[in-house]
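**Student:** below are the sequence and a predicted model for it; my questions follow.
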Amino acid sequence: MFDSASQGGDQVDQLYNRYAGWPDHLSVECCRIFTKEKHLNTPDYNKLRNAIAQFDSARILVIGDIILDHFIWGSVARISPEAPVPVVNVTHENLLLGGSANVLHNIYALNGQATICGIIGQDQMGEHIIKLLEDLGSSTEGTIRSPDRPTTIKTRIIARHQQVVRFDREATECIDDAILKNVLDFFGANLGEFDAVIVSDYAKGIVCDALMTSLQEELVKHPHIPLVVDPKPGSQRRLKGATLITPNHHEAEQMSGIKIVDDNSLQIAGSKLLEELESKAVLITRGEAGMALFEKNKPMVTIPTMAKEVFDVTGAGDTVIATLSLGLAAGLSFVEAATLANVAAGIVVGKVGTATANIEEILGAF
């Protein structure tokens, strides 16, 4: 693996130095050729298993937009006579944690512990959120209720394992000063208790410039705590200095201004984001193409997808950032944590709806 602290680290450093002066597309290709060697390319599964065994002692703070995922399930046997749309015969429905709350759910599914900091409404759906969090055993101390905002709800109608339509109920304006003060008070009182911080931005208003500035200022007091961010395009200014950024393929294109069509453009886009965001690492998730990891002074590392079948990509990014953060909290390198996250994402996309991966599924995939 591309980790100078792991077995074969000296050889990796030699490769970095040997090809550092070559054109990017040639140096990347040469590193791919050499990484076919087992001691550089094959994950240390014992180390990954040992890290997973430590997940139950990891405490993660998740900051972001709390969403209630409402699924309506049914079957379709005819087209409506009123319009050219399917008629769904509803069989059942359920309510699940979504958005940043799904990140938290993924952490618990992997035996970790987490607390969420976000906004919900003073409404019935907000009550559902509180109950779902309590059912997980998670503290609701950072869950702030606002009388002026509804709980964000995404309703999906599913028939024959296919999404027919989705409709959203939400408010997306930035949080007001009173709510921001509550969030910042929570940071000041609790931040030092956590092993990693995740920011999950769904562009619903909580992840604003003032919040990110204050969070970064608090984290200066706790330099051992990594900050992992799942960003939205247009938010680059507030992301500077985060430990790890995890945009997907399209977000990376928008944030870098570079159309990603091949490995060379991928290399350029990832390197640009790494430099501009002043992060230690950038992980671009690429769907069926897997992932690409960028670290300072290291070549791009591509990780092929582990998915055997893809039924639904809902929440896959949440699984990635949850697993990454647990891996980092357990002492894994970026590439090791990304390898583990790739396995977890491959499991989740094989399920329908907002899903999670568990420890047994991940270990079974090794």
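**Tutor:** Thanks, I have the structure now. All values derive from a computational prediction rather than experimental measurement.
**Student:** which ones are touching the closest residue to Glu170 other than its chain neighbours?
**Tutor:** Excluding the flanking residues, the one nearest Glu170 by Cβ to Cβ, 6 or more residues apart in numbering is Thr152, at 4.3 Å. Placement of C-beta: from N, CA and C, glycine included. Residues counted as contacts of Thr152 (Cβ atoms under 8 Å, 6 or more residues apart in numbering) are Asp65, Ile66, Ile67, Leu68, Gly99, Ile120, Asp168, Arg169, Glu170, Ala171, Tyr202, Lys204.
**Student:** now swap in Ser139 and tell me
**Tutor:** Going by Cβ under 8 Å, 6+ apart, Ser139 touches Thr115, Leu133.
**Student:** related to what we said a few turns ago, what's across from the residue nearest to Glu170 in the sheet?
**Tutor:** Ile67 (DSSP bridges).
**Student:** most neighbours among the contacts of Thr152, please name it.
**Tutor:** Ile66 (29 neighbours; other Cβ atoms under 10 Å).
**Student:** which regions of the stretch 151-300 of the chain lie under the pLDDT threshold?
**Tutor:** For the stretch 151-300 of the chain, no stretch has pLDDT under 70.
**Student:** helices of that one, residue ranges please.
**Tutor:** Here the stretch 151-300 of the chain has its helices, by DSSP state H, counting those that start in this stretch, at 177-190, 209-219, 236-239, 249-256, 263-277.
**Student:** same thing with the stretch 1-150 of the chain?
**Tutor:** Ranges of helices within the stretch 1-150 of the chain are 9-19, 24-34, 38-41, 45-53, 100-109, 124-136, based on DSSP H, counting those that start in this stretch.
**Student:** export the helices of the stretch 151-300 of the chain as JSON lines, with columns for mean neighbour count.
**Tutor:** What follows is the helices of the stretch 151-300 of the chain, written out as JSON lines (neighbours: other Cβ atoms under 10 Å):
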{"stretch": "helix 177-190", "mean neighbour count": "15"}
{"stretch": "helix 209-219", "mean neighbour count": "17"}
{"stretch": "helix 236-239", "mean neighbour count": "18"}
{"stretch": "helix 249-256", "mean neighbour count": "19"}
{"stretch": "helix 263-277", "mean neighbour count": "19"}
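**Student:** mind putting these into JSON lines with distance to Gly112?
**Tutor:** Shown next, in JSON lines, are the helices of the stretch 151-300 of the chain (distance: least, Cβ to Cβ, whole Å):
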{"stretch": "helix 177-190", "distance to Gly112": "17"}
{"stretch": "helix 209-219", "distance to Gly112": "20"}
{"stretch": "helix 236-239", "distance to Gly112": "24"}
{"stretch": "helix 249-256", "distance to Gly112": "25"}
{"stretch": "helix 263-277", "distance to Gly112": "26"}
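**Student:** residues in contact with the nearest residue to Glu253 once chain neighbours are set aside?
**Tutor:** Once flanking residues are discounted, Glu253 sits nearest to Ile260: 5.4 Å by Cβ to Cβ, 6+ apart. When contacts are counted by Cβ under 8 Å, 6+ apart, Ile260 touches His249, Ala252, Glu253, Leu266, Ala269.
**Student:** Arg156: which of those is nearest?
**Tutor:** Nearest to Arg156 among the contacts of Ile260 is His249, at 22.4 Å by Cβ to Cβ.
**Student:** from Thr339, how far off is the closest one?
**Tutor:** 19 Å (Cβ to Cβ, to the nearest Å).
**Student:** now swap in Pro43 and tell me
**Tutor:** Relative to Thr339, Pro43 is positioned 5 Å away (Cβ to Cβ).
**Student:** give me the more crowded residue out of those two.
**Tutor:** The neighbour count for Pro43 versus Thr339, taken as other Cβ under 10 Å, is higher for Thr339 (23 against 17).
**Student:** from Asp263, how far out is the more buried one?
**Tutor:** 19 Å.
**Student:** likewise for Phe167?
**Tutor:** On the measure of Cβ to Cβ, Phe167 and Asp263 end up 39 Å apart.
**Student:** now the residue lying closest to Val207 once chain neighbours are set aside. Its backbone dihedrals?
**Tutor:** Sequence neighbours aside, Asp201 is the residue nearest to Val207 in space, at 4.1 Å (criterion: Cβ to Cβ, 6+ apart). Main-chain dihedrals, Asp201, degrees, to the nearest 10: phi -100, psi 110.
**Student:** Asp201 touches Gly234, doesn't it?
**Tutor:** No: at 10.1 Å, Asp201 does not count as touching Gly234 under the criterion of Cβ atoms under 8 Å.
**Student:** neighbour count winner among these two?
**Tutor:** Asp201 (22 against 11).
**Student:** which residues touch that one?
**Tutor:** Contact partners of Asp201, counting by Cβ under 8 Å, 6+ apart, are Gly64, Asp65, Val207, Val229, Asp230, Pro231, Lys232, Ser235.
**Student:** any of the residues you listed buried? List them.
**Tutor:** Listed as buried from those are Gly64, Asp65, Val207, Val229, Asp230, Pro231, Lys232, Ser235; burial here means 16 or more other Cβ atoms under 10 Å.
**Student:** quick one: those residues as a markdown table, columns for distance to His161 too.
**Tutor:** Output for these, formatted as a markdown table (distance: Cβ to Cβ, whole Å):
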| residue | distance to His161 |
| --- | --- |
| Gly64 | 28 |
| Asp65 | 27 |
| Val207 | 32 |
| Val229 | 32 |
| Asp230 | 26 |
| Pro231 | 30 |
| Lys232 | 29 |
| Ser235 | 34 |
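**Student:** quickly note the distance from the residue nearest to Glu170 to Leu97.
**Tutor:** On the measure of Cβ to Cβ, Thr152 and Leu97 end up 12 Å apart.
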